[in-house]
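*Asks:* turn this into a structure:
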Amino acid sequence: MKKLPFKRKKQTHITVISIILIAVLLIYSFRIYSLQVANSQKYSSHPKGSAVLTATLKAPRGEILDCYGRQIAINRDGYNIVFNKAYVKENLNDIILTLINLLKKNKVEWKDELPLKSSAPYSFVKDADTDRLFSKLELAHYATPENCLERMTEKYGLEKYNADERRLIAGVRYSMDIADFSISYPYTFAEDIPTEIMRKISESNFLLSGVTVDVVPFREYVDTTLAVNLIGSVGPIYKEDWDDENGENYKERGYSYNDKVGKSGIEYYAEEHLRGIDGEITYYLDAAGNILDTEITKKPVAGKSVMLTLDSAIQRTAQDSLKKIVKKLQSEGGTVKAGAAVVIDIDTGGVICGANYPTYDVATMNKEYDRLKNDPAAPLTNRAFQGVYPIGSTIKPSVAIAAMENQKYSKGETIRCVHTYNHFSDFKPSCMGTHGYINLKKALAVSCNYFFFELGYRVGALSLTDYFKQFGLGVKTGVEVDDSSGILVEPEGNGVGGDTLQFAIGQLNAFTPLQVANYAATLSNGGTHYKATLIDKVVSYDLTEIYEKNEAKVLNTVSMSAKNLASVKEGMLSVTEDGTGRATLGDYPIKIGGKTGTSQVTNAADHSIFMVFAPYENPEIAISVVLEHGSSSFSAGTVVREILDAYFFADGNKTSVKRPYTVLK
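*Replies:* Okay, here's the model as predicted:
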């Protein structure tokens, strides 16, 4: 941090003279100076009538790391222009105008929260908070912009300036007021200024009383497009969260109005961990209010770092793969517009990857926000956790479990597919083929709708829905950032109708890619439904100490026999070896269990869905991929394959060992 501009100069030399009397007088004078000035802190730091005031020294924010300790969100040093009340003099307005002119010339922004346009004709900024302005100026709610400027001219002593200068200075003075500018709360005039501006101000520091250029930590993201929907961002404290009991009430929590806080994602959820402990600088004043000395009386302590379950390499692979397949399909005339992919550790619920396409660059998000917000492809949406889709035939393994556990189907039984299901006179859904007599293994492999219409008919809507919930479909996953519970139709009873048949093939209900991955994980691990999580542990800033370890939390257990589970998994292996998933995974060197799905969309191409668990024998991960209007499961399968390669073949030619979550040294 840059040293404060106030520092007493020491006497460095004494002129040697030949007259002894003058020499004695000079030595005596030096002694007086030493006692009264140079050692003023020592002899007058706490005399009766003196005062002690403190101000804050900002602590760096903790870092966000992936499961190996790779940096995702870090801090870098930057420069802020700060007004320090302890050193401000009567020429404050002149200094503000000088700084404004300097920044304007160099096209650098400064803080101005006055809800009036910055140039004539002055009018209120649309949708700005004028109520606070009227309250601060003690004006009626019908006051005009001219009334406000007149009151501020009087309040801030701006009479000698022209109209444009008055507006500019008033903007800063008003911003100081609402930020509680005082010795305890320095005011940040401009943030992250260029180095050349820092040098100019530092060189003119003696002319700018009360102004310092502080070195402060700024949030920076190593890859500004990686997992941005999950990591989130930091930003300023807004009025509604400053001192409103219905908001975050940051003021009561010890924050300064100038502080940056987590606004979304992990940055928001883990705010209490990531936030450092600010230090203090103490000012010693004499009885007249003059500053005698300053001292750092409490060093700032960096925030704790948060290690995620995310693997940044796999996350990058998934994002790139989604982008590549969407662009490819679009170039071929397809209507696909977006996609998402999720990878989960089946033994912990840890999210290894949560990828979206399209996405955005956090470095330019603020400038491009309007364009991003209005983009029909919705790049700001976290599809992986919040996008809801009918999941089509990927629901069928859970329907099979429900049927077998309720003794409505037994292994080896065949059902005759005659294409059209004729149990109802007013609803006759059909299969994609005519498969004849077919068992569970084959029905999963070829995704026979008729087979699962029959299982759904036997089980009933209520029992099906209960099993969906047990597998985590239609309920919150418990993950730390915002997610959707999906859409789960609640039947009134266990009756059977057309809706029941639709439930059995993954229509009507709609779930998130995260829920689908967790469902696949629950199925493949034998029925343990874990809470999904992004946070693995909370560690010290230097990575030497673990403060909290996030243990896996079981939400519920799906009761299913080993025999029934083996039957379903056998069918899912057949999907990838000789069924609907063989085109992308039929030759994969590791056995994979999976299920494809295409969910129907009114007046649009079907969604493409693929879920897998791997390896087949001793599963480690579950994956779900959704491509909006991707038409065929082959498209989603190409993304699944590239993710599997990234996990199992990190060097391209051999299987990896189970990946431990350890800190990089």
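*Asks:* from here on, contacts and neighbour counts on C-alpha atoms
*Replies:* OK.
*Asks:* got the phi/psi numbers for the most centrally placed residue in the chain?
*Replies:* For the chain, Gly232 is the residue whose C-alpha lies nearest the centre (Cα atoms, centre = their mean; 1.7 Å). In terms of degrees, to the nearest 10, the main-chain angles of Gly232 are phi 80, psi -160.
*Asks:* list the contacts of the residue nearest to it when sequence neighbours are not counted.
*Replies:* Excluding its sequence neighbours, the residue lying closest to Gly232 (Cα to Cα, 6 or more residues apart in numbering) is Gly265, at 4.0 Å. Contact analysis of Gly265 by Cα atoms under 8 Å, 6 or more residues apart in numbering lists Asn229, Leu230, Ile231, Gly232, Ser233, Glu480, Val481, Asp482.
*Asks:* isn't the second one right up against Ile266?
*Replies:* Yes - the criterion here is Cα atoms under 8 Å, and Leu230 meets it with Ile266 at 6.4 Å.
*Asks:* who has more neighbours, the two?
*Replies:* For Leu230 versus Ile266, the count of surrounding residues by other Cα atoms under 10 Å is larger for Ile266: 25 against 22.
*Asks:* would you confirm that the more buried one contacts Val479?
*Replies:* No - using Cα under 8 Å, Ile266 is not in contact with Val479, being 10.4 Å away.
*Asks:* so Ala341 bridges to which residues?
*Replies:* Ala355, Val625 (DSSP bridges).
*Asks:* if I look at it, what pLDDT would I see?
*Replies:* If you check Ala341, the pLDDT there is 98.
*Asks:* same deal with Gly334?
*Replies:* Gly334 carries a pLDDT value of 90.
*Asks:* how about the closest residue to it other than its chain neighbours, secondary structure?
*Replies:* With sequence-adjacent residues excluded and distances taken as Cα to Cα, 6+ apart, Gly334 is closest to Gly630, at 7.5 Å. Here Gly630 is recorded as coil under DSSP: H, G, I helix; E, B strand; the rest coil.
*Asks:* how many neighbours does Gly630 have?
*Replies:* Gly630 has 27 neighbours, counted by other Cα under 10 Å.
*Asks:* how far away is it from Tyr161?
*Replies:* Distance of Gly630 to Tyr161, given as Cα to Cα, to the nearest Å: 63 Å.
*Asks:* contacting residues for Thr465?
*Replies:* By Cα under 8 Å, 6+ apart, Thr465 lies in contact with Leu488, Val489, Glu490, Pro491.
*Asks:* of all these, which comes closest to Asn91?
*Replies:* Using Cα to Cα, Leu488 comes nearest to Asn91 of these, at 65.7 Å.
*Asks:* what is the longest helix seen in the chain packed up against?
*Replies:* In the chain, with assignment by DSSP state H, the single longest helix is helix 312-331. Under the contact definition 3 or more Cα pairs under 8 Å, 6 or more residues apart in numbering; DSSP states H and E, helix 312-331 sits against strand 338-345, strand 351-357, helix 633-648.
*Asks:* how about the ones you listed, which one is nearest Cys67?
*Replies:* Per Cα to Cα, nearest to Cys67 of these: strand 351-357, 8.3 Å.
*Asks:* list the contacts of stretch 402-413.
*Replies:* Under Cα under 8 Å, 6+ apart, the answer for stretch 402-413 is 439-440, 455-456, 458-459, 463-464, 467, 559-561, 564, 567.
*Asks:* flag every buried residue along it.
*Replies:* Judged by neighbour count using 16 or more other Cα atoms under 10 Å, the buried positions of stretch 402-413 are Ala402, Ala403, Met404, Glu405, Lys408, Tyr409, Ser410.
*Asks:* also stretch 529-546?
*Replies:* For stretch 529-546, burial by neighbour count (16+ other Cα under 10 Å) applies to 529-541, 543.
*Asks:* please save the CA atoms from the longest helix of the chain in CSV.
*Replies:* What follows is helix 312-331, C-alpha atoms only, in CSV (Å, rounded to 0.1, in the frame of the first residue of the first chain):
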residue,chain,number,x,y,z
SER,A,312,-11.1,-26.5,-14.6
ALA,A,313,-9.6,-28.6,-17.3
ILE,A,314,-12.8,-30.7,-17.7
GLN,A,315,-14.9,-27.6,-17.5
ARG,A,316,-12.9,-26.0,-20.3
THR,A,317,-13.2,-29.2,-22.4
ALA,A,318,-17.0,-29.3,-21.9
GLN,A,319,-17.5,-25.6,-22.8
ASP,A,320,-15.4,-25.9,-25.9
SER,A,321,-17.1,-29.1,-27.0
LEU,A,322,-20.6,-27.5,-26.6
LYS,A,323,-19.5,-24.5,-28.6
LYS,A,324,-18.0,-26.7,-31.3
ILE,A,325,-21.0,-29.0,-31.8
VAL,A,326,-23.6,-26.1,-31.7
LYS,A,327,-21.6,-24.2,-34.4
LYS,A,328,-21.2,-27.3,-36.5
LEU,A,329,-24.9,-28.1,-36.4
GLN,A,330,-25.8,-24.5,-37.2
SER,A,331,-23.5,-24.5,-40.2
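*Asks:* and it with strand 351-357, angle?
*Replies:* With axes from the mean of the first three to the mean of the last three Cα atoms, to 10 degrees applied, the angle from helix 312-331 to strand 351-357 works out at 30 degrees.
*Asks:* other residues contacting helix 312-331?
*Replies:* Under Cα under 8 Å, 6+ apart, the answer for helix 312-331 is 66, 70, 226-227, 335-341, 352-358, 627, 630, 635, 638-639, 642-643, 646-647.
*Asks:* swap in stretch 632-640?
*Replies:* 318, 321-322, 325, 580-581, 583-585, 596-598, 606-610, 612, 623-627, 630.
*Asks:* please apply the same query to stretch 560-577.
*Replies:* With Cα under 8 Å, 6+ apart as the test, stretch 560-577 has contacts from 397, 400-401, 404-405, 411, 440-446, 523-524, 526-527, 581-582, 584-587, 591-596, 616.
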